[in-house]
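> predicted coordinates and the sequence they were generated for:
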Amino acid sequence: MKNRHTLKMKQSVIWAYIAPGVIWYAFMVIVPLCIMTGMSFFDWRSVIDNKFIGLENFKELMEDRIFKTALLNNIKIILICLVGQVGLGFIVSLLVNSKVLRFAKVHRVAIFLPVILSTVVVGFMWSIVYNNDFGIINAFLRAVGREELARSWLDNSEQVVFLLAVPLIWQYIGYNMVIFLAGLQGIAAEVLESAAIDGANALQRARYITMPLMKNTFFVVIMLCISGNMKIFDHIYIMTNGGPGSSSMVLALYAYKMSFGASRFGYANAVSVSILVISLILIAGLKLVLKEEKNE
Amino acid sequence: MNETKKTNERKVFQMKKGLISIMLVCAMLFSLIGCSTKNENTAGNSGNQSEATGDSEEKIELTISHNWVEGTKGNGYIWEFIKQYEKENPNVKITTLALGHDDYEVKIATGIAAGDVADIFEFKGGMLVNVDRNNLAIPLNEIIEEDSEWADSFRDGMFNDMTTADGDILGFPVEFAVTTVLYYNQKILKDVGYDAPPEDWGGFLKMCDKLNEAGYTPVAFGNAAGWPVESDMFSKYANNMTGTDWFWDIKYGKGGSFTDPEFIDALNMLKEATDRNMFNEDINTLEYSLGQQLYFDGKAAMLMDGSYAIRNILDGASQEIQDATQVSFFPYDKDGKGEAKAVCGGCGWGVGINSKLEGEKREIAIDFCKRYFGPETAATKLEWGMFPAGKVDDYSKADPLQQRYLETIVDNYTDLAQCYSVHLPTNLINVFYNGLQDFMAGNLSAEDYAKEIQAEYERTELK
């Protein structure tokens, strides 16, 4: 009875502990979010030059050619990264976790290394890789006598999004690998061993034992992949700045260009609000799908 | 016995733990103190601030923001001038906030929108509407009227880019920049049978075909940022087809539309140039300076750039390339309304004095700007590889390439046409930039592109 009393904290003490964090979070996230949403209803061009225009910014968004391209590009990047970052990340984590792979630690470090690099560095590095004159891809093609295939890779507006996704996959595959490894290590070795004794091969074990047991890990990784790629900015800003034209434009970059390039802060905020709403819809959709699967 | 040993070990462990905690806390505190000290220094020495001079008497501090980052010859003079000014006026301390061109453009546009600018601040002509609307800079009309000798020392039209629709002059002209100069490597041109580029558009395109056949890139361009094609080339094509009056009508909302056939013709001129492979293939993803590098490396025969490129040629190209470089007007389509020897340009960027400055601070800021931008420094600026807005008659101290430019272009142009990004508001120019690359890549037709610009133009308040 006495113990229960000591363990029970006073309500006021709990709030006092939570308060600093809540206040910090509110001022750093909630308040700016509210201001941003408010500003999206204004034609906000400068501190003294702004007027309330209701939903005009959002109406304009619906007809904006570049906004549509940017949204489509974000979705394309998410889909490519779901295969590349999540799919390959899972396969790599299985390999690193398996007993057949030698020097597992070396592989783990090598694959994780790009994660700690600055995105600006990665962007610069890959823009050099793709460069027409001194890029390694063209150098290789010229060395093997296939000069006709050498080109300015990032100038092709049809392929540019796929080419930009490559460094994204390259950089973050290690990040997903680490999360998957943590999940894999949570699976009891006995389960896998008994499956092996029952005659399940490596692929069957991955498909019928590992994957179902790692459903929650997958959810986390997919969610991070969607949210990360909805707000993707730095790589593309460095490598193509959304170009050529708007063929590699993404929503965050468009919001940036509209605010700091065109000084249309209200419209830029409408773009940012749309990023938030679309991300929430995608995450909610994902949750719903997983919940339905669980119920089944 | 064992019990005592364990207790001792636990004590040692706890002591170690305590010690490590104290060390960590100290490290954190020191790093915080380190940060704060560093911040204080940075606040006082932001950018490459000039050294403080004078003694402990109370100093009048002024801040200046601009894009002349130290490192190139042409950018160096302002830093020298500040040092000299501080020496002559020991009670003045000038703190500089300098950033590279593209970064500075973003920073100052945002600062102007937020109403937060330095005491003396450089801004682009296209930002003039916002500077005026937010009442950020003092009008210089009185200063100009009071000191007519000083005002007359400038070249004609230098204050145009800094004049609002109501006639207020809000900035000192930074330089006389021509944005459309054709630089060519005479040696390469001779290889394909030309002494100089043909003046007519058709002939010029034919020469470009020959250069392509010979394995050269006809014109080097790095247009990743969007502004180079617009400022350094398209403004001239547009002037060629529309003439100068059409542009002034557009600027002040007196008539004309971007969907007019003349403007569409100008866009088609650019498209024709792109389709005939006049430029390097990666024009729209290559950085401005990397585009110039193709010319410096002798891979490209020509460079369509501003007068400011001379500084880069002198800094980056070999002596051989510098010697082979000649200067010319742009090729001209005689079906257009503009003049053949029209160039786009003006001061482009200006320097304003913060309207919040009062008393002695304001007086010093005015004195500093009048001296730096006035006749006193014009000749010296030429020696530093700059192109002063003030009149200079003697070119002998300038570099030979600079002299060729001054004698060919500056002494011979017949009309000073306008560069779009200097005169049109930033939101409109942004639509220009956004569509330009799509248009060049063939993803957007000339008519649809013109409609996009016109739609934004109609949304824009021009005053």
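Happy to help now that I have it. Numbers count the residues shown, from 1 in each chain, chains lettered A, B, ... in the order given.

> and the residue nearest the centre of the chain?
Assuming you mean chain A. residue A:228 (2.3 Å; Cα atoms, centre = their mean).

> oops, chain B please
The centre of chain B sits closest to residue B:101, judged by Cα atoms, centre = their mean, with a distance of 5.5 Å.

> and the residue of chain A closest to chain B?
residue A:245 (3.0 Å; Cβ to the nearest Cβ). Quick note: C-beta positions are derived from backbone N, CA and C, even for glycine.

> how about the residues of chain A near chain B?
Within chain A, the positions near chain B by Cβ under 8 Å from any Cβ of the partner chain are A:45-49, A:65-66, A:127, A:131-133, A:151-152, A:154-155, A:157, A:239-241, A:243-247, A:257-265.

> again, only using 7 Å
Neighbours of chain B within chain A, by Cβ under 7 Å from any Cβ of the partner chain: A:45-49, A:66, A:132, A:152, A:154-155, A:157, A:240-241, A:243-247, A:257, A:260-265.

> now the residues you listed: which count as buried?
Buried members of the residues of chain A next to chain B, counted by 16 or more other Cβ atoms under 10 Å in any protein chain shown: A:45-46, A:66, A:132, A:152, A:154-155, A:157, A:240-241, A:243-247, A:257, A:260-265.

> next one: phi and psi at the residue nearest to the centre of chain B?
Phi and psi for residue B:101, reported as degrees, to the nearest 10, are phi -50, psi -60.

> is it true that it touches residue B:67?
Yes - between residue B:101 and residue B:67 there is a contact under Cβ atoms under 7 Å: 4.9 Å.

> now for residue 260: which residues touch it?
The chain I'm using is chain A. Neighbouring residues of residue A:260 by Cβ atoms under 7 Å, 6 or more residues apart in numbering or on different chains: B:106, B:109, B:110.

> go on, residue B:268?
Residues near residue B:268 by Cβ under 7 Å, 6+ apart: residue B:446.

> after whichever strand or helix holds it, which helix or strand is next? Please name it.
Applying DSSP states H and E as the criterion places residue B:268 in helix B:261-275. Remark: after helix B:261-275, the chain's next helix or strand is helix B:288-296, criterion DSSP H and E.

> quick one: pLDDT of residue B:134?
What the model reports as pLDDT for residue B:134 is 89.

> roughly how far apart are it and chain A?
5 Å (Cβ to the nearest Cβ, to the nearest Å).

> stretch B:211-225: end-to-end distance?
End-to-end distance of stretch B:211-225 (Cα to Cα, to the nearest Å): 26 Å.

> mean confidence for it?
Regarding stretch B:211-225, the rounded mean pLDDT is 93.

> show me where the chain dips below the pLDDT cut-off.
Using chain A. By pLDDT under 70, the weakly predicted segments of chain A are A:1-7, A:294, A:296.

> let's do chain B instead
Low-confidence segments of chain B (pLDDT under 70): B:1-57, B:462-463.

> quick check: nearest residue in space to the closest residue to chain A within it, chain neighbours excluded?
Here chain B gets closest to chain A at one residue, residue B:438, 3.0 Å apart by Cβ to the nearest Cβ. Using Cβ to Cβ, 6 or more residues apart in numbering or on different chains and skipping residues adjacent in sequence, the residue nearest residue B:438 is residue A:245, 3.0 Å away.

> interface residues of the stretch 1-150 of chain B facing chain A?
Neighbours of chain A within the stretch 1-150 of chain B, by Cβ under 7 Å from any Cβ: B:106, B:109, B:110, B:113, B:114, B:115, B:130, B:133, B:134.

> now for the longest helix seen in chain A, which elements pack on it?
Identified as the longest helix of chain A according to DSSP state H is helix A:265-295. For helix A:265-295, the packing partners by 3 or more Cβ pairs under 7 Å, 6 or more residues apart in numbering or on different chains; DSSP states H and E come out as helix A:31-39, strand A:42-44, helix A:56-63, helix A:215-230, helix A:251-256.

> hey, which of those is tucked in deepest?
Comparing the helices and strands packed on helix A:265-295 by mean neighbour count (mean count of other Cβ atoms under 10 Å in any protein chain shown), helix A:251-256 ranks first with a mean of 23.

> how about the CA coordinates for it, as CSV?
Extracted in CSV, the C-alpha atoms of helix A:251-256 (Å, rounded to 0.1, in the frame of the first residue of the first chain):
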residue,chain,number,x,y,z
LEU,A,251,7.2,19.6,-53.8
ALA,A,252,9.7,20.9,-51.1
LEU,A,253,12.0,22.4,-53.8
TYR,A,254,9.0,24.1,-55.4
ALA,A,255,7.9,25.5,-52.1
TYR,A,256,11.4,26.8,-51.6
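
> name the residues that touch it?
A:66-67, A:70-71, A:74, A:231-233, A:236-237, A:242, A:268, A:271-272, A:274-275.

> what's the most distant pair in these?
Comparing all pairs in these by Cβ to Cβ, the longest separation belongs to A:237 and A:274, at 18.9 Å.

> okay, now residue B:461: neighbour count?
Counted with other Cβ atoms under 10 Å in any protein chain shown, residues neighbouring residue B:461 total 12.

> surely it is in a strand?
No - assessed with DSSP: H, G, I helix; E, B strand; the rest coil, residue B:461 is coil; it does not lie in a strand.

> so the closest residue to residue B:417 other than its chain neighbours: helix, strand or coil?
Ranked by Cβ to Cβ, 6+ apart and with sequence neighbours excluded, the top spatial neighbour of residue B:417 is residue B:239, at 3.9 Å. Judged by three-state DSSP, the three-state class of residue B:239 is helix.

> show me where the chain has its strands.
Just going to use chain A. A:42-44, A:50-52 (DSSP state E).

> chain B was what I was after
Counting by DSSP E, the strands of chain B are B:60-66, B:92-98, B:120-124, B:172-173, B:177-178, B:181-185, B:217-220, B:300-305, B:325-328, B:342-346, B:349-353, B:415-417.

> got the contact list for the fourth one?
The contact list for strand B:172-173 (Cβ under 7 Å, 6+ apart) reads B:140, B:154, B:158, B:159, B:162, B:347, B:350, B:351, B:369, B:373, B:389.
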